[in-house]
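Colleague: Make a model of this:
(chains A, B, C and D, ligands or ions: 4)
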Amino acid sequence: MAQLRYIDALKLALTEEMDRDDSVFIVGEEVGQYQGTLGLTGGFLQKYGPERVVDTPISEVGIIGMAIGSAMAGLRPVAEMMRMDFSLPAYDQIAQHAAKIRYMFGGQFKVPMVVRGPSGVGNQLSAQHSQSLETLFAHIPGLKVAVPATPADAKGLLKTAIRDDNPVMFLESLRMYMEKPERLEAIQPGLSEVPDDPEWMVPFGQAQVLREGTDVTLISYSTMSIACLRAANQLAEQNISAEVVDLRTLLPLDMETPLRSLKKTHRAVVVQEQWGLYGCAAEISAQLAERGFYDLDAPVQRVTGAFVPMPYSKPLEDLAYPNADDIVAAAKRTLFAQ
Amino acid sequence: MAQLRYIDALKLALTEEMDRDDSVFIVGEEVGQYQGTLGLTGGFLQKYGPERVVDTPISEVGIIGMAIGSAMAGLRPVAEMMRMDFSLPAYDQIAQHAAKIRYMFGGQFKVPMVVRGPSGVGNQLSAQHSQSLETLFAHIPGLKVAVPATPADAKGLLKTAIRDDNPVMFLESLRMYMEKPERLEAIQPGLSEVPDDPEWMVPFGQAQVLREGTDVTLISYSTMSIACLRAANQLAEQNISAEVVDLRTLLPLDMETPLRSLKKTHRAVVVQEQWGLYGCAAEISAQLAERGFYDLDAPVQRVTGAFVPMPYSKPLEDLAYPNADDIVAAAKRTLFAQ
Amino acid sequence: MAKASAAAAAAPPALDVQKYRRFHEQMVHIREFEETCHRAFQRGGHGINGYVHVYSGEEAIAVGIIGALREDDYFLGHYRDHAYALARGTDPGAVMAEICGKATGTSKGKGGSMHICDAERGFYGGYGIVGGNVPIALGLGKAIRYRGGDQICVCFFGDGSMNQGAFHETLNMCQLYKLPVLWVVENNKYAMGTSIERSHANPDLTDRINSYAMKRECIDGQDVVKLHTRVSEIVKEMRETHEPFFLECDTYRYHGHGAADGPVTQKTYRTREEVEFWRQRDPILILERVLMEQKALSEEERDRIHQEARNAAEAALRFSDESPNPTPDELLKDVYA
Amino acid sequence: MAKASAAAAAAPPALDVQKYRRFHEQMVHIREFEETCHRAFQRGGHGINGYVHVYSGEEAIAVGIIGALREDDYFLGHYRDHAYALARGTDPGAVMAEICGKATGTSKGKGGSMHICDAERGFYGGYGIVGGNVPIALGLGKAIRYRGGDQICVCFFGDGSMNQGAFHETLNMCQLYKLPVLWVVENNKYAMGTSIERSHANPDLTDRINSYAMKRECIDGQDVVKLHTRVSEIVKEMRETHEPFFLECDTYRYHGHGAADGPVTQKTYRTREEVEFWRQRDPILILERVLMEQKALSEEERDRIHQEARNAAEAALRFSDESPNPTPDELLKDVYA
Ligand SMILES: Cc1ncc(C[n+]2csc(CCOP(=O)(O)OP(=O)(O)O)c2C)c(N)n1
Ligand SMILES: Cc1ncc(C[n+]2csc(CCOP(=O)(O)OP(=O)(O)O)c2C)c(N)n1
Ligand SMILES: [Mg+2]
Ligand SMILES: [Mg+2]
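Modeller: Ligands and ions are numbered 1, 2, ... in the order given. Below is the predicted model:
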């Protein structure tokens, strides 16, 4: 076990998989000579050469297309979007092509590719560069969607993604990228620990209980799972015991784990960084009520980002972005304990 | 009042608005010389000329961009997508630009544009041409999303869309396009009637009760609202009284009307043509349970399309597509009356 | 002497009669297949619906180019795709069954007319989004280069595709990385009802490729001998240089864009004379003339081949008609590997 | 005689000294604004965060081109956008306040550095998605044509934009419909760390536009006299013909791509010598040389102008520092009209 930053865990996963399997290659903007926009692929070009670390023009459609075609031909491309927002010009390649090729050709092809990149709110990146667009991908059959919260999952899920035979949208938490292990350990001991074993992986479709509790279940993914842990700490100080369920992947979606937790706590808060309306948290909330109808003692609460394009100004950005206090307040609403 | 086909109601709305307001123009593929792929804009080029009826190359990004810029400069473009699926190559222009321009420029611009076109399952159009992609738009703040079910709403909502000062995604039901008035009248008298008054419009954000009932509320939009009416007819034969709520627009979303209905029936079925997972019906279901928690006597049921790319073969297409029988079965589940 | 040898050099190389007889047969079979398909759609009742785009008039392209490929090469195309499979030797019954949505179809009936494929034979599919197949070909080219070797990939698309942004991102990247893709635009003068002149500011499609500094050429798409001869050279060169090539094939479609584009809508954008003009340049006629001149084909043989092709197409339809629909459990299969 | 008059004809027309003194002032003010901005970002604490892209080295382009526009013309650009507003006369305090996210900013603090705009002055905004502004300019051109009149629209973008599909769909349509848009690529040789040669298969950007049969030209982007003179002619012609024009401006950026692209990352893609070479071709220096040669600017004046510009930039920052943040109720405003 090492204590790692999220970005280093990602780098480790990529390195291990590229070392292990010659068919894995990276394609994206500034991944090579520039050493990665955020340094993630530093040294890769030198180590793996230009055929496996492909610098591209600013052509996201071309990047995704290159991934799809080479995956169909048996390679395992990892396409980097400098930010996941930039996948939108290539949305057609993702949703109409990568996702549908297997089905519409009657199962004749596999499309084992990963599209990955930092996602979500950064530090005043404003409207076009702050989004967490998982809903746009998780709604599309044929895709898989991973949303790791912790450094361990960043590594373990990325390795699974690369070895998966389907197109995986891999949304990394930009806010978590540089978080120092000490800071994570302060939230919860062990939170920054990453297994060393290069064969250790995290399966898709298995949510994890990040913290056990008995009074209310906090359900989320990516950055917001960490916010839930913070909220659980605050709630503990008020003698409220919160269980935190981190979904890890949205497609496939494991609802058994949150429903099991609900059987214990009878109360749930679903948290999502991005817009609530028609967002992923709606599906979770709906399923909790549909399938956990008799377990629920109070209405499910959703905590989500403000339904606005992200404003630039720091005070507004903070307002638009859900935080631990919002989660605490929602948890208390489920307990009628405001 | 005239009895009209859905497509004729759309044509009437376009004609009336183009006659009324010089700043309205149409841009899209085959809208002019070819007289519209489905005949919707037949005669328009002859009547309004090439500046107002703009034939384009197969360049959806350019089409949407032309709409955005000209809207910012004060025109009222109506961009036709030959099918709404083809808006995906231009998704970035829609979601990153049209939707965000007003906010990110602090309210300095208006973007009064409509993107419209037939949507949803046709007749064996297979995976890339059968989608009803409202969720991808309704999740984005800054857009409005209209999903008319009836000929009257096709006209009334399109007129409102054209006069709205914001970008409106207008998803027309391809399955309804050519439905003969007689067939609609057979489902429910008056269903094909369209007011003649050129100033009659249907406001956004006001759901309608298409049929009153007391035992269970069926909630949907677009084509599936008509399927709900069919289901209500079937349920009536079994002495179950279903209320049908048609949402009309998804953004803005009127939840008051369905919640009011729920207070009466205590049971609800939400129906959506497209994929259920992370689809619009999830939001409706979630809100019913969150806000109608104490009104619900049974879990909300969702009836949605199969979570697969649309298959070509007719028998498979039929299976993938929700129908009145599925809705009837779901309604009975809410009544524990299977 | 000198003169004579110069004349000999200028004379076309002796025709590989066997090959072109095979091409002729293929072209006739494709024609009859497409016409059968077209009629079956119009007649109804075979399970065909939705969009069906036939290839009549353009046969020389698929046959001449796919005929220049090696078994391990890749190719893919747009939705006007039946001929790609047939030219490669995919069973016509399976192609027809796909068009009719049957379980015995190439895509198990899940794809339909626009989404024929044959992975085993290197046919990486027909795609329904204009321009959508183009970036995918880039990836196939990448895979070839990645693994080394002298395979190539051919990507077929229509003139309309060249106004999709996807096309431009892709061609630039293809040339940058020198990926061995042969880009083939079937310039049949129209994208649905829109002529080249009304949709390309520079209607010289080959000239447009200057923007990518890619090797390029425009060729007669109706004369399969010329076309195939030149393509064989290009392919040979590509196997050595591993570099991309852009080939514009000058051609025409006889029928409407799709089955829904009937005589009335066609009148909005083209004249009967224009269609007639191109019918005179029919690729099958042209090849038959050559073969007959060379005494490599008799009138009887020709008639027999046409008759066989009709029979084969009807057999394909019969096979499809007798094939079962996909079973309900197929609905949820093949979404994920 | 004849010789002399030929020499006279070849000599540049007399310099409009007043205009170029104004341009000089503007360029110096922009430079100081950008440098102040850059420092403020690095220092922190002014509310600036996220992405900040400064224009130092490229000033001649915004000033020379926007200086050729009429009040009712439109223009828009990409995210490296402060200079567009400043060249048009938008209050530097409001621009700086936007960069710092203040309520007094041009976009009320909601947009930040990448999304400056000034609707009143025809500045239709800076956009953060590479290539994203390009299709929007098409629409502004359409509106001009739709209403008649001789306005034009200028669209600024970087060399990187030309590899986005959006660019290609747009330029084709612009030429097809003959919309009066002046397309200006600021060719500063790099898109982030990627050089033109590593990203454009045909690195001659002007030549690429052959694909759209659009009038086109490459011009020295550092010499504002030449640039402005030629652009004025182009604009005049556009007002008459209403046709589009593509203009490549040969230029360079001194700083990294954005504030995060520091000396270390810059080393991965360019040399100090290269930067130095371009610093010798500084647009302000070049103009100062011309003005001083013509005795239209003294050394003292020059120094005074630089000092005033520094003061103005600091005043802008002070204005911003003293400005309030947006109030919380602003969060939900301006989503819809
Ligand atoms: C992105 C997109 N826009 C529009 C369409 C509708 N459409 C299908 S085929 C076609 C015309 C294509 O013409 P071309 O590329 O020249 O091929 P051809 O049919 O002539 O072989 C159009 C507009 C589509 N399928 N995809
Ligand atoms: C679609 C998209 N992809 C990637 C980015 C990230 N990005 C921002 S600026 C930039 C470089 C653009 O270079 P260029 O167009 O030459 O303009 P310059 O910065 O040189 O002025 C990149 C890659 C983006 N904003 N949008
Ligand atoms: Mg064509
Ligand atoms: Mg640049």
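Colleague: Mind listing what's buried along stretch C:167-181?
Modeller: Residues of stretch C:167-181 classed as buried: C:167-177, C:179-181 (neighbour count, 16 or more other C-beta atoms under 10 Å in any protein chain shown). C-betas here are computed from N, CA, C, even on glycine.
Colleague: Report the backbone C-alpha coordinates of that stretch in CSV.
Modeller: The C-alpha atoms that make up stretch C:167-181 are tabulated as CSV, following Å, rounded to 0.1, in the frame of the first residue of the first chain:
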residue,chain,number,x,y,z
PHE,C,167,-14.2,14.5,-42.5
HIS,C,168,-11.8,17.4,-42.2
GLU,C,169,-10.4,16.5,-38.8
THR,C,170,-9.8,13.0,-40.0
LEU,C,171,-8.1,13.7,-43.3
ASN,C,172,-5.7,16.1,-41.7
MET,C,173,-4.8,13.6,-39.1
CYS,C,174,-4.5,10.8,-41.6
GLN,C,175,-1.9,12.7,-43.6
LEU,C,176,-0.1,13.9,-40.5
TYR,C,177,0.5,10.4,-39.2
LYS,C,178,0.8,8.9,-42.7
LEU,C,179,-1.8,6.2,-42.2
PRO,C,180,-2.5,3.8,-45.1
VAL,C,181,-6.1,4.7,-45.8
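Colleague: How about residues contacting the helix or strand where C:Arg318 lies?
Modeller: Under DSSP states H and E, the secondary-structure element containing C:Arg318 is helix C:299-322. Identification of contacts with helix C:299-322 by C-beta atoms under 8 Å, 6 or more residues apart in numbering or on different chains yields C:24-25, C:28-29, C:31-33, C:35-37, C:40, C:46-47, C:92-93, C:95-97, C:99-100, C:102, C:104-105, C:288, C:292.
Colleague: farthest pair in the buried residues of stretch C:167-181?
Modeller: Largest separation among those by C-beta to C-beta: C:His168 and C:Pro180, giving 19.6 Å.
Colleague: same question for the strand or helix carrying A:Asp19, mean pLDDT?
Modeller: In this structure, A:Asp19 sits in helix A:6-20 according to DSSP H and E. The average of the pLDDT scores along helix A:6-20 is 98.
Colleague: before we move on, what about stretch C:198-205?
Modeller: 98.
Colleague: list the helices and strands the longest helix anywhere in chain C packs on?
Modeller: Using DSSP state H to define each element, chain C has its longest helix at helix C:17-43. Helices and strands in packing contact with helix C:17-43 are listed as helix C:59-66, helix C:82-88, helix C:92-99, helix C:224-241, helix C:283-293, helix C:299-322; criterion 3 or more C-beta pairs under 8 Å, 6 or more residues apart in numbering or on different chains; DSSP states H and E.
Colleague: And it, what's buried?
Modeller: Of the residues in helix C:17-43, those buried by neighbour count under the rule 16+ other C-beta under 10 Å are C:20-21, C:23-38, C:40-41.
Colleague: Quick one, grab the pLDDT at the residue in chain A positioned nearest to ligand 2.
Modeller: When you check chain A against ligand 2 by C-beta to the nearest ligand atom, the closest residue turns out to be A:Phe86, at 4.0 Å. Per-residue confidence (pLDDT) for A:Phe86: 98.
Colleague: How about A:Val24?
Modeller: At A:Val24, the model reports a pLDDT of 99.
Colleague: still on that earlier bit, Serialize the helices and strands packed on helix C:17-43 to TSV and add fields for mean neighbour count, distance to B:Ala149 and mean pLDDT.
Modeller: Rendered in TSV, the data for these read as follows (neighbours: other C-beta atoms under 10 Å in any protein chain shown; distance: least, C-beta to C-beta, whole Å; pLDDT from 0 to 100):
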stretch	mean neighbour count	distance to B:Ala149	mean pLDDT
helix C:59-66	29	44	98
helix C:82-88	27	37	98
helix C:92-99	27	33	98
helix C:224-241	18	52	98
helix C:283-293	19	49	97
helix C:299-322	16	37	98
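Colleague: Can you lay out these as TSV showing distance to ligand 3?
Modeller: Listed next are those as TSV, based on distance: least, C-beta to the ion, whole Å:
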stretch	distance to ligand 3
helix C:59-66	12
helix C:82-88	14
helix C:92-99	20
helix C:224-241	17
helix C:283-293	16
helix C:299-322	24
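Colleague: what would those look like in TSV with distance to A:Gln124?
Modeller: Formatted as TSV, the helices and strands packed on helix C:17-43 follow (distance: least, C-beta to C-beta, whole Å):
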stretch	distance to A:Gln124
helix C:59-66	53
helix C:82-88	51
helix C:92-99	53
helix C:224-241	49
helix C:283-293	61
helix C:299-322	60
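Colleague: Dump those to TSV, plus distance to ligand 1.
Modeller: TSV is the format used below for the helices and strands packed on helix C:17-43 (distance: least, C-beta to the nearest ligand atom, whole Å):
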stretch	distance to ligand 1
helix C:59-66	10
helix C:82-88	11
helix C:92-99	16
helix C:224-241	17
helix C:283-293	15
helix C:299-322	21
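Colleague: which element follows the helix holding A:Asp19 toward the C-terminus?
Modeller: The helix or strand immediately downstream of helix A:6-20 is strand A:24-28, counting by DSSP H and E.
Colleague: Strands along chain A, start to end?
Modeller: Taking DSSP state E to define them, one finds strands in chain A at A:2-3, A:24-28, A:53-55, A:76-80, A:114-119, A:144-146, A:168-173, A:193-194, A:208-211, A:216-220, A:242-246, A:249-251, A:268-275, A:301-305.
Colleague: ugh, wrong one, I meant the stretch 101-250 of chain C
Modeller: Remark: strands assigned in the stretch 101-250 of chain C by DSSP state E, counting those that start in this stretch are C:123-127, C:153-158, C:181-187, C:190-191, C:194-195, C:216-220, C:245-250.
Colleague: Serialize those strands to CSV and add fields for mean pLDDT.
Modeller: As requested, those are arranged in CSV below (pLDDT from 0 to 100):
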stretch, mean pLDDT
strand C:123-127, 98
strand C:153-158, 98
strand C:181-187, 98
strand C:190-191, 98
strand C:194-195, 98
strand C:216-220, 98
strand C:245-250, 98
